[in-house]
Each structure stands twice: as structure tokens, then as C-alpha cells.
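Trainee: Just the structure for this:
(chains A and B, ligands or ions: 2)
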Amino acid sequence: MKRIITATVQNRSGVLNRITGLLQKRQFNIESISVGRTETEGISKMTFVVDVEDFQKLEQLTKQLNKQVDVLKVSDITEKAIVARELALIKVGSNAQQRSEIQGIIEPFRADVIDVSKESLTVQATGKSEKVEALIELLRPYGIKELARTGLTAFQRGQQPQVADLPSSYSLLQ
Amino acid sequence: MKVEAKMAMNTDSHSKPNTGADLLVKALIQEKVDTLFGYPGGAVLPIYDAIYRAGDGFEHILTRHEQGAIHAAEGYARVSGKPGVVIATSGPGATNLITGIADAMMDSLPLVIFTGQVASNVIGTDAFQEADVMGITTPITKHNYQVQSISDLPRIVREAFHIASTGRPGPVVVDIPKNISSGPAEEEYESTFYLPGYQPNLKPNPLQVKKLEDALAKAKKPVLLTGAGIIHGNASEELKEFAHHHGIPVTNTLLGLGGYPGNDELFLGMAGMHGTYAANMALYECDLLINIGSRFDDRLTGKLEHFAPNATVAHVDIDPAEIGKNITTHIPIVADSKEALKVLQKHDVESTNHGDWLRHLQEYKQEYPLWYNNPDEKMVPQWLMEKVHEATNGDAVVTTDVGQHQMWAAQYYTFNEPNRWVTSGGLGTMGFGFPAAIGAYLANPEKASVAVVGDGGFQMTMQELSILQEKRYPVKVVIVNNEALGMVRQWQEKFYEERYSESLLHTQPDFVKLSESYNVNALKIESQQHLEEVLPELMQNDEPVVLDCRVLQQENVYPMIAPGKGLHEMIGVKPT
Ligand SMILES: Cc1ncc(C[n+]2csc(CCOP(=O)(O)OP(=O)(O)O)c2C)c(N)n1
Ligand SMILES: [Mg+2]
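Mentor: Ligands and ions are numbered 1, 2, ... in the order given. Model (predicted):
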């Protein structure tokens, strides 16, 4: 099952290495990791999308992360109300006439063309991973020349629904 | 004399730190470090110079290999409960420590390891003797640091000692670039620290304690399984009271030996691959398993599906990540062992309805005791271990290497007190035993320090005889010489149809001459009679000694849970 885990960490040297090394050593499958600074100086936030077999493995993952000295907080936000986004840059082959066709495809995704050359154009898309994936699939027939994705970053919404209201299908990735 | 000369040179530089290395020395003094294990080299020259100038504040043990230094520090840490401190130079000095760091990580030993590093401005250029110590040690340390600025050094040292010795202990590496250790330092830097991400929980959750008490009140077949957590937590007394109050039988893991008295009536012996039948069957048949401070290692559990299949499992551990890792746990208690036992003693549920269970286990004990066949003249290792016990009144600090002799020492040197048993369990590191005995001696010079080693493993770190030569520490080395990598030979006999591939060691050094060349008294002993004549005196006197004890090669360690088998499927439980 896929889970979204966030970890707030102290920005000390080696912390990234320690965490990725730990995930590797304990054989956790990581789908994506994104890291960046937070509102607090010296504190970074990491977002992992992981694929774990069961809840016991998941518990191990959060416990092992928590055990690290520089890790301040670990949350599994999969079941929470969250905002989650990733950014993708997609370079597709296109000649002049395909260009407007592609424009038409990306528009509903609110993606932008950020670079154009004779044989290609580059689309920037942001959103949930499914949306990004759907767009990529639609662009694939034009020939994807280069693709870069940041991985998911996420946090909890300002307001969380009462536990009882939470539809079971709410989870973003399950 | 040497010390006086040092002191004379040194009078004023000591009080006033002027380099990063002096700051380090000052910080070590503040941590009350009095013993260092290490080996010098280019990148730690400033540190060694500061140690020299600091005079006689430290006993520095110059081992002959960095691996010796770190295993000695592990022995020191295991027996004293204080962090063992190691210094090694950059590159090869640091990489020679790796085995010991991994060993300490597996067995939760507090170590603080200082490695030299090339100067900050050349890190990353493949400079002479540069190794990525942070990268290499990250997966095998509780934490590690590379010092980036001199002003951080005092704080980092304090943090390192704190992290190494609190919570679940473990090794911490501090990598110090040469420009930091040699650079100019001010006298004082802020060294207070705040580790918001590191707050080990010591007190048990009352709700979980209540659950355990309820389970105990109902249990008909409870058993206590205790590990090194009892020894780290200094909780032997509390454990004994708790077990006696409720009449709960106790078994130990390999690393837990001595945490509960081996001669106590409720003690079932060690559990696991070479544990006793009674202990393993108790784990198999129990309806309540109370694990305090052990981590359900695979050498203990055997095949998981046969481990305590009908039991409610309660697990007290200071490391939350150990709970539920290997075994589904119904009652998780994250706490220090002593704190947990104190609370458990207070509330006192009554649980007295398991007399049948105790009688049943007593029958197992009587029916299936540890056994060996003792020939008339030649020595067998089990007998040898019993004699070592006798000659030391069962009160020595015993270290072992890894192999058959380790299991025999665990089985036949009955430990009645904590902090007497030093062995490499998790990593199973050959070469550990002899240097560990040197560290163990320094941690507790009042007790005899006996290294029980194999003829194979001793050859991995025997260069440390130099330390006995120089310092005359009365470490007693008992080589259980079966002219074989015995444990390998045993597995080849049993599971590889006697194809003894690379496991027989008929070519050996003359251990007596070898020891004598280090000016260490040594004897080759081939008969029971000879051993009985010399052992008591040699174990009690104040001199180091090496005993090359020739034992029957074909002896195997029994009983045994074969790999892939369950607790209840022990073989070799009865004499053949
Ligand atoms: C560093 C290391 N290498 C290899 C092994 C695998 N190993 C485990 S026990 C053993 C045999 C040890 O022989 P010896 O020291 O003579 O002890 P014995 O089993 O004969 O008592 C070996 C090779 C190990 N544990 N550690
Ligand atoms: Mg041997």
C-alpha cells in the first residue's frame, strides 16, 4: 500500500544521508522523496511516498525514522485531509501545427508551456500525482523527450474533518 | 618517570585551551573520561599532542590495531556501563574501526569514537588518507558528527556522550578535520545542547502496565525473557524481586546472562539456538511472555511461527522500534527496564496459580539438563569451562570470542551477577574476545578478567598481547584449542555431510612461544590432570597468562535448534 509520510528534521549535516540510508537498509520502497526548508530556520520537511506491505512494516518505518536524533516529528498523513502537490516538467516533441493541439490538451490541467523550440515544447504541470500522470499519458503520443518530477510534497489542511466524516475513499493514494 | 616528564612540560598549557584538540581534551575531562583506547596518525597528531600535554589525566591504551582499540573499548563499556572512548586517525585508521562500530551498534554498547579527518578545505578531493567516515559509519552508528567549526566542538562532544550513553546505548562517531583539532581556539564556547528530536522515554505508560498486570493475574504459564536491557538498566535486583514475588520462571538471552542469577531456582538457563531445553520449551508453551530488554533476535526465536505461539506477548524496551519489529506484541511498554520493574513491583497483582507450570518446567530441567561426555584424560571444552568457573569462584569477568567456545562459556560458566559477561552477540565478531578482556579489566580491575577464545578468533587480534607485555594487566587468556574453526566445522559436519571446507586449522603458531615472545607467561595444556594442577593458581595471581588448552576437536555444541526449525524441535537434548 502507498503511504504519504512527512518528517520534520533538523537541518544538520548528514541528515538526508542518514534518512535515505535508513530506508534503504531496512528495505523500504520509496516512490519519491522531496525535501525543502520550512517556515522555521534550520528545520526542513521531507515528504516520502512509500510502498509498504502492511501496517507492521509501516509502523517500523515511522519508528525507525523517529529514532533518528535529528528527526523531530514523523506523521503518516495518508488518511488526513491534506494538500499534496508535485511539479513535473515534460518536454514533448512538437512541430508548429501540433503546438496548438498540445495547448488544447494541457489547458484543462492548468499546465503551462514554459519553453518552445523548433522541435519541442516544455510543459510545466503541478498538482496531485494522478493528475500529473494523466497529463503525461495524454502527451506520450507526441513523444516525451525528457521528463522530470519533483516528487510529492504535502501537508495537512488547516481544517481537519471530524474523524467520523472522513470518507474511507478520501485517502489520496490508496 | 615518563609521566613526571610530561607533567613538567605541561603545567600551564593544560588549563588554557589553545587549539581545538585542547578543547577536546578539556571536554573529555569534563565527561570524566579516564581511559582512552586508540592509535595515532597524521590527522590526529594534534589530538595526541594535546593528550601528551595534558599529562597523566588519561590512561591511553595504545593497541596494535584499531580493531583492538575498539573491541577493548566495547569490553570497557560493557563492564563499566560508561562510554568507551576510541581515537583513530583518518582513512585507514577509521576504516579499521568499522567492525567494532557495527558490533557496538548491534549490541547497544555506548562508545564515543573520535576519528581524525583531512582538513576541511580538502575534504572531497580524495586527499591523502581521506575516507568518507560520515558516509561509511552512518548506517552503523546511533549518531555521527563531522565537526564543521571549532566553536561547535565542546557542544558536539557533550551531545556525543549524552547520545551514546542514554536511551538505548550505542556508538557515536565524531569526525574531526585536522584544521579543527589544530586550529586556534578560544577558552570557552557554549556547550549547552538541546536535542528536541532525541527524548528517550523512561517511564512506562500506566495503561500498558495495567494490561500486563491483568494478563499476569490470569496467566497460568508465564515466563520472563530478559536481555541486556536488564544489565544496561541496572535492574537485576528489581528483576529478581519481581520474579520471586510472582514465582515466574526466567530465561536469558545470550547477552542477558548474569542479569538474573544463573543458580537461582527459577532460572531455566539461556534460551535460543544453543539454549536449554527447559528454557526453549518454556518459551514455546507459555501463555504469557514478558520480554524485558531483549530484541527477539532470530538466534533466539528460531522459526517465528513456532515462537511462543499461544502467548500474550508483553515487551518492555527502551527502544520503541524494537517493539513489534519481529514478534507481534500485545502489550507494548516503552520504558527503561528498571523504571518498568519498579512500577510493576508497586501495584502487585497476585499471580500464584501457576504451580503446575513451575513443576512442569522443573521436570524438563531434570529430564533434559545440559550434558556432555567426559573422557578420563583428555579435555573437553565444556569441562574446561566448568573448571574455569571453579578456579575463579564464578566471579570473574568473562569475555569470549565467537564460535563453539562462546556457546560453551555461555552454557557452563554460570553467571550469578550482572556485568560479568562480555560477548559479541548481534554481529558475532571473531577477534572480539581478547581485546574486550583488556577493556573489561580496566573497567573492573578488582575482578579476574578471563578471555575465553578460540584458536581461530584469537589469531585475529592476538597482536594485543603487546599490551599485556607492556602493562602487565593480569588478563587470563584461555584458548579453547580444537585446531578448527569449530563452529564452522560443526555446521559442515551436520549440514554439509562432513565436507570440512577450509575449517580445520592444523597449522597453527606455537601459542606458547608466541606469548613468550611478548614476555607473557604461557602453557600448553593437554590433560585434565595438568589443567587441574595449574589453573587455580594461574587464575588468581596478578600476572597475565595464555593457556593453550587442547580439547577434543569433534565436540559439538548441544542442544541445538537447527536453522529453520522451531523452539520445540531441539536436537541433541539427551546424551549419546
Ligand atoms: C570476523 C568473522 N569471520 C568469520 C566468522 C564466521 N565464524 C563464526 S564461528 C567461526 C569459527 C571460529 O573458530 P574458533 O575461533 O577457533 O572458535 P571455535 O568455534 O573453534 O570455538 C567462524 C569462522 C565470524 N563470526 N567472524
Ligand atoms: Mg577453534
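Trainee: start to end distance for stretch A:46-59?
Mentor: Taking Cα to Cα, to the nearest Å, stretch A:46-59 runs 18 Å from one end to the other.
Trainee: touching chain B at all, that stretch?
Mentor: Yes. Stretch A:46-59 reaches chain B (Cβ under 8 Å from any Cβ of the partner chain) through A:56, A:59. Placement of C-beta: from N, CA and C, glycine included.
Trainee: which residues touch that stretch?
Mentor: The contact list for stretch A:46-59 (Cβ atoms under 8 Å, 6 or more residues apart in numbering or on different chains) reads A:1-9, A:16, A:19, A:23, A:28-35, A:61, A:76, A:129, A:151-154, A:173, B:324, B:328.
Trainee: Identify those among these that sit within helices.
Mentor: Among the contacts of stretch A:46-59, the ones falling in helices (DSSP state H) are A:16, A:19, A:23, A:61, A:129.
Trainee: Turn the residues you listed into CSV, columns for pLDDT, distance to residue B:334 and neighbour count.
Mentor: Output for the ones in helices among the contacts of stretch A:46-59, formatted as CSV (pLDDT from 0 to 100; distance: Cβ to Cβ, whole Å; neighbours: other Cβ atoms under 10 Å in any protein chain shown):
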residue, pLDDT, distance to residue B:334, neighbour count
A:16, 93, 27, 16
A:19, 95, 22, 22
A:23, 93, 23, 18
A:61, 96, 17, 23
A:129, 92, 35, 21
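Trainee: could you dump these to TSV with distance to chain B?
Mentor: Formatted as TSV, the ones in helices among the contacts of stretch A:46-59 follow (distance: Cβ to the nearest Cβ, whole Å):
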residue	distance to chain B
A:16	10
A:19	10
A:23	11
A:61	10
A:129	29
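Trainee: Residue B:252: which of these is nearest?
Mentor: residue A:61 (30.7 Å; Cβ to Cβ).
Trainee: from chain A, which residue is nearest to ligand 1?
Mentor: Of all residues in chain A, residue A:25 sits closest to ligand 1, at 20.3 Å by Cβ to the nearest ligand atom.
Trainee: Count the neighbours of whichever residue of chain A sits closest to ligand 2 for me.
Mentor: Residue nearest to ligand 2 within chain A: residue A:25 (32.1 Å; Cβ to the ion). Taking other Cβ atoms under 10 Å in any protein chain shown as the criterion, the count of residues near residue A:25 is 12.
Trainee: That one contacts residue B:139, doesn't it?
Mentor: Yes. Between residue A:25 and residue B:139 there is a contact under Cβ atoms under 8 Å: 5.2 Å.
Trainee: do you know how far the residue nearest in space to the middle of chain A is from residue A:88?
Mentor: Nearest residue to the geometric centre of chain A (Cα atoms, centre = their mean): residue A:152, 1.0 Å. As for residue A:152, its distance to residue A:88 is 11 Å (criterion: Cβ to Cβ, to the nearest Å).
Trainee: Check residue B:479 too.
Mentor: Applying Cβ to Cβ, the value for residue B:479 to residue A:88 is 65 Å.
Trainee: Which one's more surrounded, those two?
Mentor: residue B:479 (30 against 21).
Trainee: Need the three-state assignment for that one.
Mentor: Applying DSSP: H, G, I helix; E, B strand; the rest coil to residue B:479 yields a three-state assignment of strand.
Trainee: And for residue B:308?
Mentor: Counting by three-state DSSP, the backbone at residue B:308 sits in coil.
Trainee: Point me to the helix or strand that includes the residue nearest to residue B:335 when sequence neighbours are not counted.
Mentor: Closest residue to residue B:335 apart from its sequence neighbours, by Cβ to Cβ, 6 or more residues apart in numbering or on different chains: residue B:204 at 3.8 Å. Assigned by DSSP states H and E, residue B:204 falls within no helix or strand.
Trainee: Can you give me the pLDDT of residue B:204?
Mentor: At residue B:204, the model reports a pLDDT of 97.
Trainee: and what of the one 10 residues further on?
Mentor: Reading off the per-residue confidence, residue B:214 sits at a pLDDT of 94.
Trainee: Likewise for residue B:301?
Mentor: 97.
Trainee: so it touches residue B:325, yeah?
Mentor: No. Residue B:301 is beyond contact range of residue B:325, at 11.4 Å (criterion: Cβ under 8 Å).
Trainee: Can you list the residue ranges for strands in the stretch 1-150 of chain B?
Mentor: B:35-38, B:59-62, B:84-88, B:111-117, B:143-146 (DSSP state E, counting those that start in this stretch).
Trainee: Tell me which residues of the first one come out buried.
Mentor: Taking 16 or more other Cβ atoms under 10 Å in any protein chain shown as the basis for neighbour counts, the residues of strand B:35-38 that come out buried are B:35, B:36, B:37, B:38.
Trainee: Now do the same contact list for residue B:424.
Mentor: B:103, B:107, B:400, B:401, B:402, B:432, B:433, B:436.
Trainee: Mind doing that once more with 6 Å?
Mentor: B:103, B:402, B:432 (Cβ atoms under 6 Å, 6 or more residues apart in numbering or on different chains).
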